[in-house]
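Trainee: structure here, sequence nowhere to be found:
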């Protein structure tokens, strides 16, 4: 069984751009209904993701916070493209930038389309209480705010957020 332990952050500024080791465009969508997931009628999201010539099927437990069960399987690209056509809700398009900092890899997602303007950083950690050096460009921790989860963005994109949601003060 896979357990993902990750924290999600907003960014203070664009200083991270000078530290990008590589970037990759991604498309993803959810096979199950994001509303059913949000409402608790389903216990896991089922996502298909394409990044370059590679594709994966991902199942992630419905949970708020840094630790969740996660299972990910490589699948043929043609299968992934066919599955994208079956997906519920909206598609997520983004460029993922990889930034190494103090022994950790930060994955910075710069969203496109209906989620354009949203940029978040994620970092996978060895355990939920792992202390790490925060780069100066790392901002507010939004790990416990479900609206920043990709499954929520597929259902209710950033373009539909109220201004106070886009600019949290705490």
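Mentor: Cool, the structure landed. Note that the coordinates shown come from a computational prediction; the quantities given were computed from them, not determined experimentally. Numbers count the residues shown, from 1 in each chain.

Trainee: now the strand or helix carrying residue 48: buried residues?
Mentor: Following DSSP states H and E, one finds residue 48 within strand 44-51. For strand 44-51, burial by neighbour count (16 or more other CB atoms under 10 Å) applies to 44, 45, 46, 47, 48, 49, 50. All C-beta spots, glycine's among them, are computed from the backbone N, C-alpha and C.

Trainee: so which of those comes closest to residue 58?
Mentor: Nearest to residue 58, judged by CB to CB, of the buried residues of strand 44-51 is residue 47 at 4.5 Å.

Trainee: beta partners of the nearest residue to the closest one once chain neighbours are set aside?
Mentor: The shortest distance from residue 47 to any non-neighbouring residue, by CB to CB, 6 or more residues apart in numbering, is to residue 58 (4.5 Å). Beta bridges link residue 58 to residue 47, residue 72, judged by DSSP bridges.

Trainee: touching, residue 58 and residue 74? I think so.
Mentor: No. With contacts counted by CB atoms under 8 Å, residue 58 stays clear of residue 74, the gap being 10.4 Å.

Trainee: those two: which is more packed in?
Mentor: residue 58 (20 against 10; other CB atoms under 10 Å).

Trainee: now the helices for the chain?
Mentor: Per DSSP state H, the chain carries helices over the ranges 34-38, 77-86, 150-155, 163-166.

Trainee: check the offset of the first one from the chain's centre.
Mentor: Per CA atoms, centre = their mean, to the nearest Å, the displacement of helix 34-38 from the mean C-alpha position of its chain is 16 Å.

Trainee: wait, what's in contact with residue 137?
Mentor: Contacts here follow CB atoms under 8 Å, 6 or more residues apart in numbering; on that basis residue 137 touches 11, 12, 13, 14, 15, 16.

Trainee: and what of residue 16?
Mentor: Contacts of residue 16 by CB under 8 Å, 6+ apart are 97, 99, 106, 108, 121, 135, 137.

Trainee: skip the chain neighbours and tell me the closest residue to residue 35.
Mentor: Closest to residue 35 by CB to CB, 6+ apart is residue 155, at 6.0 Å.

Trainee: ugh, wrong one, I meant residue 16
Mentor: Spatially, and ignoring its direct neighbours in sequence, residue 16 is nearest to residue 137 (4.5 Å; CB to CB, 6+ apart).

Trainee: any idea how far that neighbour is from residue 55?
Mentor: Note on residue 137: its distance to residue 55, by CB to CB, to the nearest Å, is 31 Å.
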